[in-house]
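A.B. asks: After the sequence you'll find the predicted model.
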Amino acid sequence: MAYKIIKTECTACSACEPECPTQSISFKKGSYVINPDTCTECEGVHDMPQCVSVCPIDECVVPA
């Protein structure tokens with residue numbers, strides 16, 4: 001399963017993009033999005049998804 005960014009919650013702060021080990025996060029139409037085809041939830045690299053851990057907005061990055 002991948003994660004997704006809730007567009008209405010995203011402030012476009014860019015904290016998540018450089019933390020993604022699979023480069024699955026990109027900026028599109030005013031907010032960041034996660035490519036579900038390449039998101040691995042950071043399994044095998046980190047204990048928890050880095051996008052979730054660095055996002056300053058609660059419930060912005062959620063399981064898809």
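C.D. replies: Now that the structure is in, tell me what you want to look at. Numbers count the residues shown, from 1 in each chain.

A.B. asks: Spatially central residue in this protein, please.
C.D. replies: Nearest to the mean C-alpha position of the chain, counting by C-alpha atoms, centre = their mean, stands Cys51 at 4.2 Å.

A.B. asks: quick one: contacts for it?
C.D. replies: The contact partners of Cys51, by C-beta atoms under 8 Å, 6 or more residues apart in numbering, come to Tyr3, Ile5, Cys16, Glu19, Cys20, Ile25, Ile34, Val61. Where you see a C-beta, it was placed from the backbone N, CA and C, and this is true even at glycine.

A.B. asks: now Thr38
C.D. replies: So Thr38 contacts Thr22, Gln23, Ser24 (C-beta under 8 Å, 6+ apart).

A.B. asks: you'd agree the first one is up against Cys39?
C.D. replies: Just to be clear, that refers to Thr22. Yes: counting by C-beta atoms under 8 Å, Thr22 touches Cys39, with 6.5 Å between them.

A.B. asks: Break down the chain into its strands, ranges please.
C.D. replies: With DSSP state E as the criterion, the chain has strands at 3-5, 25-28, 31-34, 61-63.

A.B. asks: Help me confirm that Ala64 comes into contact with Tyr3.
C.D. replies: Yes: under the criterion of C-beta under 8 Å, Ala64 makes contact with Tyr3 at 6.1 Å.

A.B. asks: List the contacts of the residue located most distally from the centre of the chain.
C.D. replies: Relative to the centre of the chain, the most outlying C-alpha is that of Gly44, 16.6 Å out, by C-alpha atoms, centre = their mean. Taking C-beta under 8 Å, 6+ apart, we find Gly44 in contact with no residue.
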